[in-house]
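what would the 3D arrangement of this be:
(one chain, ligands or ions: 2)
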Amino acid sequence: MLCIGHRGAMGHEPENTLLSIAKALELGVDAVEIDVHNVEDRLVVIHDRDLSRTTNGTGYLENYSFAYLRTLDAGKGQQIPTLVEVLNAVDRQAIVNIELKGNNTAKLAADTILKYIDLGWSYSDFLVSSFNHYELNQIKTIEPKIETGILFYGLPWKYTKIAHELGANIVISNLDYVDANLVATVHQENLQAWAYTVNKPQDISKMRELGVDGIFTNYPDIFNDHQPI
Ligand code: G3P
Ligand code: MG
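Numbering: from 1, shown residues only. Ligands and ions are numbered 1, 2, ... in the order given. Down below sits the predicted model:
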């Protein structure tokens with residue numbers, strides 16, 4: 001079972017900052033998950049469209065320039081990072097799971113990934129995921145070799161069919177919907193089952209028992225401490 005650091009290691013450091021990424025890497029994650037939005041045709045790493053929860057700013061991202069957003073404190077004096085800064089920080093030590101938030105993110109993400117492929121990175125260094133299945137489809141249209149994970153909160157009817165239609169390899173579900181039936185269905189369809197967000201030791205054990213392939217956690221250290229029973 002893979003350990004994916006959620007927004008870096010947000011249980012330990014301010015989410016989606018370079019400090020959080022560094023902590024996730026220190027804790028030995030297999031992948032680092034970050035959320036990206038498009039600001040002036042640049043991908044910035046932040047979860048909410050509204051700035052107020054994670055920064056000292058207020059209001060919506062789209063009302064500000066990239067330059068202004070970079071003046072904000074995203075916690076412990078950290079700037080809101082760019083996708084490029086995160087990729088350079090990870091430097092192939094773990095998979096980078098880029099979760100596309102909002103619209104008009106797929107092309108920028110794909111272009112960035114392809115630039116890094118040109119620099120010698122592998123397709124297996126990246127995973128793109130989204131609840132926005134239109135953006136996810138665009139990734140595959142641009143470059144089918146980029147791996148994608150389809151995010152669900154709750155399971156739509158025929159969700160594996162949707163996953164296949166979008167060319168996604170991984171079904172990523174909220175923890176509450178992950179059970180033996182989901183795992184069996186997903187595996188029968190030659191897909192992987194990943195669960196978010198798994199922060200309690202008993203839930204980590206349960207996911208292992210169910211044969212889940214990957215979990216997102218705020219506390220990668222708990223994952224490490226909690227080996228198979
Ligand atoms: O990708 C897993 C998880 O990050 C999805 O939900 O809201 O934390 O981005 P959210
Ligand atoms: Mg996310």
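
who in the chain is up against ligand 1?
6, 33, 35, 47, 99, 129, 151, 172, 196, 216 (Cβ under 6 Å from any ligand atom). Where C-beta positions appear, they are placed from N, C-alpha and C, glycine not excepted.

repeat that with 5 Å
Within the chain, the residues that sit near ligand 1 (Cβ under 5 Å from any ligand atom) are 99, 196, 216.

what residues are bridge-paired with the second one?
So the one you mean is Y196. Under DSSP bridges, the beta-bridge partners of Y196 are N174.

so I98 sits right up against D125, yeah?
No. Under the criterion of Cβ atoms under 8 Å, I98 is not in contact with D125, lying 10.9 Å apart.

those two: which is more packed in?
Higher neighbour count among I98 and D125: I98, with 31 against 20, using other Cβ atoms under 10 Å.

ok, that one - contacts?
Residues in contact with I98 (Cβ atoms under 8 Å, 6 or more residues apart in numbering) are 34, 36, 43, 83, 109, 113, 126-129.

average pLDDT across the helix or strand harbouring V183?
Following DSSP states H and E, one finds V183 within helix 180-188. For helix 180-188, mean pLDDT is 98.

give the buried residues for that helix.
182-183, 185-186 (16 or more other Cβ atoms under 10 Å).

now, which of the residues of the chain next to ligand 1 sits nearest ligand 2?
Closest to ligand 2 out of the residues of the chain next to ligand 1 is E99 (4.0 Å), distances taken as Cβ to the ion.

after the helix or strand hosting the closest one comes which helix or strand?
Using DSSP H and E, E99 sits within strand 95-100. Next helix or strand after strand 95-100 toward the C-terminus (DSSP H and E): helix 106-118.

could you pull up the mean pLDDT of that following helix?
On average, helix 106-118 scores 98.
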